Every structure is written in structure tokens, then in C-alpha cells.
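Participant: what's the 3D shape of this:
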Amino acid sequence: MSAVMVGVDIGTTSTKAVVFTLDGKPVSQHTVEYPLLRPEPDAAEQDPRQILDAVKTALKLAVTHSPVTCDDVACVSFSAAMHSLIALDANGEPLTASITWADNRAAAQAARLKASPDGLDVYRRTGTPIHPMSPLAKLLWLRESKPALWQAATRFAGIKEFVIERLFGVSVVDHSIASATGLFNLQQRDWDDGALALTGLRREQLPAPVPTGHRLPALPCAAELGLPPDTPFVIGANDGVLSNLGVGAIGPGQLAVTIGTSGAMRAVVDRPLTDPEGRTFCYALTEKLWVVGGPVNNGGIVLGWIRDVLLAGEDADAALKLAESVPPGAGGLLFHPYLAGERAPFWNADLRASWFGLHLGHRKEHMVRAALEGVMFNLRGLLPVVEALVGSDCTIRATGGFARSPLWRQMMADVFERELVVPESVESSCLGAAVLGLHALGRIESLDAVNAMIGATQQHKPIEANAAAYRRLTPIFDALPRQLEQQYSQLAELQRRF
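Facilitator: Numbers count the residues shown, from 1 in each chain. Got it, this is the predicted structure:
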């Protein structure tokens, strides 16, 4: 019997590898961080070679520092952030950095496509909302703004595909990552002819799509990373769908809410579903399961910004303690958390952050509390949109870095007015990847086996006095972004000129 399984998550700000026992207990992990590069306005890039090194280092150190024997590993499986794009030359060398989901330089191309007759049709076929985050929009931007680079590029891939090709020597993309590109036909499970025509790409310029349970070839550098040479590797899926799996939110009436750097609300369904207004995504988990929901740009990134700007770089605990000193509602102060534009439900890269309602009685602690509450108000706006697809009164399971904070967990329960269940392990994407790998290799009969692996859970029920305060503020919070849409666009255009 193999002793361990390993999940590797190639994230936006770091790569994390976690070694689990076969019953889901984490016994070792290692994280390697890397910067988000902003070489010009609206850019958000990363160095793909640096991320490749991070994957190898994280995997090696998680395995070699494990207290459990790793002589026999059941599987290693991969999770990764979505929507990245890298242009490659004929030798597979990067011509660009990895352009991440947070890059907004394709805003004009996305807006034009969204307003065209093709926009909603492409969304309905591919399940990826029309937005600068999507590789579809990024490809249109590259072709128009960098013609010489476009001509030099032979192929295109995302960061996960780049890492897989460098490690295993194959150019493949899992259906889950592919379904987040805006280029993948959900019904046909192949690259979409119409989307390819819009970009001018040929199929052979993209990695070959494979199921999320696809077994990769033997890893040539396995011994160098402390792994047996016959270790099975499974390609895995994207971080969002695996987070649902990792918290056990894969049944009817179950929602997963994740807040990491960004955030998302997701539910698992048994067929591809899209929203009539194009507000939600639909991504593959397995051949029979799909995940629908909405992502937000502004999750933990807001807490990090508050800490750096208002608190002179103090740690997150100091910010949370300051927020806890103020009653719910922050003295009537609202913060719209659109520091990085916003995706669902607005899909508007021009939204901007602001405090609304400041007066002389407000102090720094009110501003911090309002910022944390703003993240929750914003996420709550997704609830009716997602439940319109999957049914109402869903239970909520929460995960991500925010779940370590009792204050933030209770805040979510109060704002959402729902009971919140938080599994003991917050490494949901890594656990989801490992469980998907076990299932792909026939080591477990059903993905439901994850329910026995997630450990103890914590419950948070809404506190009525807190919920009542938030209930009074929610309509004001929700109304402002719609009313100020024109002004946001005007201001964003001015900011691009500075």
C-alpha cells in the first residue's frame, strides 16, 4: 500500500506542494513564492522559468522533508491558476512572460468582442465570460498590439502547460484549464472553431486537450526531486474546480466559496451550464462533472494592500485585530474593493476601489473593517447569480487563506446570512488534485471519498444583530457600482494616461 499522495498547486503568487497520507492528512508541505510583475500599466506578468523552478523546488522539499516514507507514492497531481498565456517560439522558448488572469491590457479587445454579435455566442459555447482575463482576449490583444511578436510566435500555452512540457516533454492541456481559455468548446471537448477563427490560430498552435485524469509519462528528473522513478503523475485540473473537490462541495445544493489572492463562488453540476447574460463560468472537473460559478479579482489582495498602505507593512494579524475593534458595519463606512477592476458579476475591468461615506468620526480601524466587509459584500453579490443556475438555499463551504481568521469567517456568515462550514484543511486545491489523481488511477472508486479526508469542520452561524447591520448596508453597496459605471470608465481612461 502506497504511503502518500502529493498535490502541487501552481498559484498566482506561489507554488505549493503538499504531501498527504491516503486518508487526507497533510504531513509535509513547501511553498515557493514569486513576484507579480507590472512592467507597464494594466500589466500583470510572471517569469515562467522562475515558476518552473518553483514547482521543482516545492515538490522536492515537500517530499524530502516528509516524516512519512515517500519510497512508494500513489500519485502526484497538479492544480494551477487559470487564464495565463505565454507565446512560444519554434523551440518552445518563451517570447513573452506568463500573462496572468490579473492582466487588463486586453480590455479594449474584450469590450469590443463583448459588444459584438459573436461575444455571447462564444461565451455560450466555451463557458468563459468575455473579459481581459481570458486567453481569447489576450490573443486578440497580442495580435493587434504586438504584430512582430505575433508573427514570431509558433505556439501558445498557459503556465501549467509550459511546466508540464518542460518536465515531461509533452504538449498537452487538461480539459479544465482549456475550458477557462475562451477557446474550448464545452460540448465537443475540443478547441472551438469559431474562437480559433476570431484569433487566427490553428489547432496545432495550441496544446492537445486531454481529460483531467490523463496520466503523464514518467518524469525524467524524478530521482532528482526525491521521487521513485515509477511515480505516477496525473495532469489534474484548474485550482478553482479542485478547490470544490478539496472541500467536499461536489454534491447538489453545495457551494464552495474561496478567498485567496482573488476569490470565487462555485457549484458542481452534471452538465455544462451557462448564464443567459454571460455572468458565470463553466469549467470541466471530470468527463461527467462541471463547475459553474463566478470569480472576483479582489479577495486577500485587499487585505495585503490595506496592510501595506495603511498599516506600514504590519502583518495580517495586526490588520484583523484592528478591524475586530470596530462593530459590524464599520460605522456606516463602505469600501468597494475594486483595486484590480472586477470580474463577476460585473465583468468590468474599469471598476475602481473607493471608500464611500467617510466622515470625521471615522478612524483607521473603520477603514480596515470596511475593506474586509467590502470583500464579503462583493462576493455576496454572486449568490443570486449562481443559485439561479443550481438552485437556492445552498449550503456553503469556505476555504482559502481567509479561512484561518475567525473574524473573517464570521463576517462571511453574517453578510451571507447562511451557516458556514469550514473544513480543517485550507489546502483544498492541493487535496483536490491528489484525490483526482487517486481516482484517475483507480485507487478510489468515487470522488466522494474526499468527504472522509477533509477532517474536522468548523461551523459559523449568522449572528442576527450583525446580519441586520449588514442588511441595511447591502442595498447601498450594490447600487453604487451600477450607478457609477460611466464615471469608472472615464476615470480608468484618465489613469491609463498618467
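Participant: So which bits of the lengthiest helix in the chain are buried?
Facilitator: In the chain, with assignment by DSSP state H, the single longest helix is helix 464-483. Of the residues in helix 464-483, those buried under the neighbour-count criterion (16 or more other C-beta atoms under 10 Å) are 466-467, 469-470, 473-474, 477, 481. Any C-beta I mention is one placed from the backbone N, CA and C, and that applies to glycine too.
Participant: Same list (these) but as JSON lines, adding pLDDT and distance to Pro229.
Facilitator: Supplementary listing: these in JSON lines, determined by pLDDT from 0 to 100; distance: C-beta to C-beta, whole Å:
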{"residue": "Asn466", "pLDDT": "98", "distance to Pro229": "56"}
{"residue": "Ala467", "pLDDT": "98", "distance to Pro229": "56"}
{"residue": "Ala469", "pLDDT": "97", "distance to Pro229": "59"}
{"residue": "Tyr470", "pLDDT": "98", "distance to Pro229": "55"}
{"residue": "Leu473", "pLDDT": "98", "distance to Pro229": "58"}
{"residue": "Thr474", "pLDDT": "97", "distance to Pro229": "56"}
{"residue": "Phe477", "pLDDT": "98", "distance to Pro229": "56"}
{"residue": "Pro481", "pLDDT": "95", "distance to Pro229": "54"}
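Participant: which one of the residues you listed sits closest to Glu314?
Facilitator: Asn466 (25.5 Å; C-beta to C-beta).
Participant: was I right about that closest one contacting Asp414?
Facilitator: Yes: under the criterion of C-beta atoms under 8 Å, Asn466 is in contact with Asp414, at a separation of 4.0 Å.
Participant: what sits in contact with each of these two?
Facilitator: Common contacts of Asn466 and Asp414 (C-beta atoms under 8 Å, 6 or more residues apart in numbering): Pro328.
Participant: helix, strand or coil for the nearest residue to Gly92 once chain neighbours are set aside?
Facilitator: Ranked by C-beta to C-beta, 6 or more residues apart in numbering and with sequence neighbours excluded, the top spatial neighbour of Gly92 is Glu165, at 6.5 Å. Using DSSP: H, G, I helix; E, B strand; the rest coil, the three-state assignment for Glu165 comes out as helix.
Participant: what about the helices in the stretch 351-498 of the chain?
Facilitator: Listed from the start of the chain, the stretch 351-498 of the chain has helices (DSSP state H, counting those that start in this stretch) covering 364-380, 383-390, 406-416, 428-440, 464-483, 485-497.
Participant: buried set for the third one?
Facilitator: Read it as helix 406-416. With the criterion 16+ other C-beta under 10 Å, helix 406-416 contains buried residues 408-416.
Participant: Same question for the first one.
Facilitator: Across helix 364-380, burial judged by 16+ other C-beta under 10 Å covers 365-380.
Participant: Could you list every helix and strand in contact with that helix?
Facilitator: Secondary-structure packing of helix 364-380 (3 or more C-beta pairs under 8 Å, 6 or more residues apart in numbering; DSSP states H and E): strand 254-259, strand 263-269, strand 290-296, helix 300-310, helix 316-324, strand 334-336, helix 406-416, helix 464-483.
Participant: Identify all contacting residues around the last one.
Facilitator: For helix 464-483, the external contacting residues (C-beta under 8 Å, 6+ apart) are 327-329, 332, 334, 336, 338, 342, 346, 351, 356, 373-374, 377-378, 380-381, 410-411, 414-415, 417, 488.
Participant: rerun at 7 Å
Facilitator: Residues outside helix 464-483 that contact it (C-beta atoms under 7 Å, 6 or more residues apart in numbering) are 328-329, 334, 336, 346, 351, 356, 377, 381, 414-415, 417.
Participant: Let's have the buried residues of helix 464-483 in JSON lines, adding distance to Val422.
Facilitator: Compiled in JSON lines, the buried residues of helix 464-483 are given as follows (distance: C-beta to C-beta, whole Å):
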{"residue": "Asn466", "distance to Val422": "17"}
{"residue": "Ala467", "distance to Val422": "18"}
{"residue": "Ala469", "distance to Val422": "22"}
{"residue": "Tyr470", "distance to Val422": "19"}
{"residue": "Leu473", "distance to Val422": "24"}
{"residue": "Thr474", "distance to Val422": "23"}
{"residue": "Phe477", "distance to Val422": "24"}
{"residue": "Pro481", "distance to Val422": "28"}
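Participant: for those residues, which one is nearest Asp193?
Facilitator: Set against Asp193, the nearest of the buried residues of helix 464-483 by C-beta to C-beta is Pro481 (35.8 Å).
Participant: What is the neighbour count of His173?
Facilitator: His isn't right for residue 173; it's Val. Using other C-beta atoms under 10 Å, the number of residues around Val173 comes to 24.
Participant: before we move on, what about Gly331?
Facilitator: A total of 17 residues lie near Gly331 under the criterion other C-beta under 10 Å.
Participant: same check, this time on Asp393
Facilitator: 7.
Participant: which residue packs closest to it, ignoring adjacent ones?
Facilitator: The shortest distance from Asp393 to any non-neighbouring residue, by C-beta to C-beta, 6+ apart, is to Gly253 (7.3 Å).
Participant: how close does the one you found sit to Pro328?
Facilitator: Computed as C-beta to C-beta, to the nearest Å, the Gly253 to Pro328 distance reads 28 Å.
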